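Trainee: Here you go, sequence then predicted model.
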Amino acid sequence: MYPEGEPVNQLLSALKSQRLRASQIAGVDGRSGVPKLEADEVICNSITRWRHLCELKNSEIGCYLAHLRAVRQAYQAGLQRVCILEDDVLLEDDFGRVLAELERLPPEVEMVRLMGLKVRKRKIIRCLNDGVHKLVRPERGWCGAQGYLINRRGMEKILGYANRIFEPIDKVFDHFWQFDLKLYGVEPHLLWETEHTSSIEKSNVHKAKVSQWLYWLHPFGKLWRSIERHIYLYRYKKQFYPAEKPKQRLGRTARIKL
């Protein structure tokens, strides 16, 4: 959103210092109205209303489209993997070294979140070569889209599923089980947020009124999705279990929800 701003310059400088090539992708501004849609993008407020009892704010749609289009651009460019970072993050000193190892993971590791805002039960898949970081498989979403590494198969799944816009982009990642996205995480986190005031207005704040019948339907939808998730976890239980919560703080982001 602010390509010449100090946070962007600071991030680009940090990436350069770790010998990482980076390019900027323009944000999508939804603050003054509904962003213009491209390709097969469609806003599905009817789904948002019955799943979340609200409608997406325009700024949320803008954030969503920025991520979706970054993935599409990487896919159309023929990239095998891409690391996508929001412009309000800071890198840990070992970011580049650990990222290089994550890039060598097998193709079944389709997406790796580099930080998250929630602490979840997870299975430790393997220790990375530095002896500090671990690749983990959380059983639920970590929340947040500040930074992630995604391979070509993961891009295909995102582009095939996420063209229908009905929830924030990080919720799409959180609901990985709905489109079989093989989602992992790294801990301790490789980046953290700067303290800032977000330009994204949240849809769950000052919710728009929805029809009364949707309030009756909503619990059944939540129950059905919960059943679907548990079926998925049971189907792949060897990949997700045994799982436990981490015993130490995972990163420097102040908003991490314990």
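Mentor: Everything's here; your move.

Trainee: which residues touch the nearest residue to Thr48 once chain neighbours are set aside?
Mentor: Excluding the flanking residues, the one nearest Thr48 by CB to CB, 6 or more residues apart in numbering is Phe166, at 4.6 Å. C-beta coordinates here come from the backbone N, C-alpha and C atoms, glycine included. Residues near Phe166 by CB atoms under 8 Å, 6 or more residues apart in numbering: Ile43, Cys44, Asn45, Ile47, Thr48, Arg51, Leu56.

Trainee: Phi first, then psi, for Phe166.
Mentor: phi -140, psi 0 (degrees, to the nearest 10).

Trainee: Same check on Gly147?
Mentor: According to degrees, to the nearest 10, Gly147 has phi -170, psi 140.

Trainee: shaky segments in the stretch 101-250 of the chain?
Mentor: Applying pLDDT under 70 to the stretch 101-250 of the chain flags residues 196-208.

Trainee: just the helices in it please.
Mentor: Listed in chain order, the helices of the stretch 101-250 of the chain (DSSP state H, counting those that start in this stretch) span 152-161, 169-174, 212-235, 237-240.

Trainee: Please dump these into a markdown table; it should also carry distance to Val8 for every row.
Mentor: Converted to a markdown table, these look like this (distance: least, CB to CB, whole Å):
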| stretch | distance to Val8 |
| --- | --- |
| helix 152-161 | 24 |
| helix 169-174 | 20 |
| helix 212-235 | 37 |
| helix 237-240 | 37 |
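
Trainee: Pipe these into TSV and attach mean neighbour count per row.
Mentor: Converted to TSV, the helices of the stretch 101-250 of the chain look like this (neighbours: other CB atoms under 10 Å):
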stretch	mean neighbour count
helix 152-161	17
helix 169-174	21
helix 212-235	12
helix 237-240	13
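
Trainee: Which one of these lies nearest to Val34?
Mentor: helix 169-174 (16.1 Å; CB to CB).

Trainee: Residues contacting that closest one, please?
Mentor: With contact meaning CB under 8 Å, 6+ apart, helix 169-174 is reached by 63-64, 67-68, 111, 113, 140-145, 148, 158, 161-162, 181, 183.

Trainee: swap the cut-off to 7 Å and go again
Mentor: With contacts defined as CB atoms under 7 Å, 6 or more residues apart in numbering, helix 169-174 is touched by Cys63, Tyr64, His67, Gly141, Cys143, Gly144, Ala145, Ala162, Leu183.

Trainee: Likewise for stretch 84-93?
Mentor: Residues outside stretch 84-93 that contact it (CB under 7 Å, 6+ apart): 7-8, 11, 14, 18, 67, 70, 145-148, 190-194, 196.

Trainee: Buried members of those residues into ChimeraX, please.
Mentor: In ChimeraX syntax, the buried subset of these is picked out as below (16 or more other CB atoms under 10 Å):
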select :11,14,18,67,70,145,146,147,148,190,191,192,193
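
Trainee: Ser226: which of the contacts of helix 169-174 is nearest?
Mentor: Gly141 (13.2 Å).

Trainee: so how far is Phe173 from that closest one?
Mentor: 6 Å (CB to CB, to the nearest Å).

Trainee: wait, Leu191 sits on Phe95?
Mentor: Yes: judged on CB atoms under 7 Å, Leu191 makes contact with Phe95 at a distance of 6.4 Å.

Trainee: Show me the strands in the protein, by range?
Mentor: 42-43, 81-85, 89-91, 111-113, 122-127, 134-138, 147-151, 164-165, 183-187, 191-193 (DSSP state E).
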